[in-house]
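Asker: Take a look and give me a structure for this.
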Amino acid sequence: MECQKESNKTNCPCTYPGCPRKGLCCECIKHHIENDELPACAFSKEAEATFDRSFRKFAEDKGFI
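Answerer: Next up, the predicted model:
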């Protein structure tokens, strides 16, 4: 499967300046999972802006806790 980097970039909600994985979803997910985190696309716009990618922040954002 060919990477759709430019198309992915259009829909990527990550606002981290200079992110080298923007548009490279497979690399992004791998990076965050290896760091016990979730990628920006798992969060609301407000939660994403905190740059806290933790599972706890995800649960708070989704109203689970």
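Asker: Pretty sure Ala49 sits against Thr15.
Answerer: Yes: using C-beta atoms under 8 Å, Ala49 makes contact with Thr15 at a distance of 6.3 Å. Just so you know, the C-beta spots here come from the backbone N, C-alpha and C atoms, and that holds for glycine as well.
Asker: The lengthiest helix in the chain: what's the following helix or strand?
Answerer: Using DSSP state H to assign secondary structure, the helix with the most residues in the chain is helix 25-34. Counting by DSSP states H and E, the next helix or strand C-terminal to helix 25-34 is helix 45-48.
Asker: Which residues outside that following helix are in contact with it?
Answerer: Pro13, Cys14, Thr15, Ala40, Lys57, Phe58, Glu60, Asp61 (C-beta atoms under 8 Å, 6 or more residues apart in numbering).
Asker: let's see 6 Å
Answerer: When contacts are defined by C-beta atoms under 6 Å, 6 or more residues apart in numbering, helix 45-48 is touched by residues Pro13, Ala40, Asp61.
Asker: Need the buried ones from those selected in PyMOL.
Answerer: Restricted to buried positions by 16 or more other C-beta atoms under 10 Å, the PyMOL selection for those reads:
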select buried, resi 40+61
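Asker: Fine by me, we can end here.
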